[in-house]
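Q: A structural model of the following input is requested.
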Amino acid sequence: MVTSREIGRNEIVAYKDPVGAKKLIIRVQVKPHHPDNPIQTQDIKKLKEALSHDDDIGISVTSGSFSSACTREARSSKSHIEMIGFSRLIELWIQFYTKMSDEDKKILPLYSVYFLKLDD
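A: Okay, the predicted model is just below:
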């Protein structure tokens with residue numbers, strides 16, 4: 001079981017067990033970008049600098065995409081950096097939507113659309 005709490009604007013402390021014996025720091029960077037203007041290396045460098053321990057995890061989320069240099073920069077980090085671009089963000093939203101609270105669902109509501117399958 002992982003429990004968590006937000007301790008700052010872009011930092012989450014997650015505990016791997018219910019008594020909080022093993023602490024894990026997750027730092028989240030959110031950058032709105034147009035798809036034609038991908039995230040550049042300076043943003044990932046800032047996230048890398050914020051990861052104070054090798055076992056900290058960084059997550060960079062954008063409404064756009066990441067440059068290839070940015071991807072190389074993230075892979076060169078001693079700490080794990082997960083990059084979530086717009087397409088992946090939507091995939092995750094759909095995958096976990098049913099598990100979200102009603103309040104969270106109001107942020108980006110999804111509605112099912114059904115199509116009648118016609119015989120071949």
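Q: Residue ranges in the protein under the pLDDT threshold?
A: 1-23, 120 (pLDDT under 70).
Q: can you do 80?
A: Applying pLDDT under 80 to the chain picks out residues 1-25, 35, 52-55, 120.
Q: Listing partners with orientation, what would you give for the lengthiest strand in it?
A: As assigned by DSSP state E, the longest strand anywhere in the chain is strand 23-31. In the sheet, strand 23-31 lines up against strand 11-15 (antiparallel), strand 57-62 (parallel) (DSSP bridges).
Q: after that strand, next one along is what?
A: Sequence-wise, the next helix or strand downstream of strand 23-31 (DSSP states H and E) is helix 41-50.
Q: what comes into contact with that following helix?
A: With Cβ atoms under 8 Å, 6 or more residues apart in numbering as the test, helix 41-50 has contacts from 27, 29, 31, 58, 60, 66-67, 69-70, 73-74, 77, 79, 81, 83. For every residue, glycine as well, the C-beta is placed using N, CA and C.
Q: Only whichever of these are buried, select them in PyMOL.
A: Those of the contacts of helix 41-50 that count as buried under 16 or more other Cβ atoms under 10 Å are selected in PyMOL with:
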select buried, resi 27+29+58+60+66+67+70+73+74+77+79+81+83
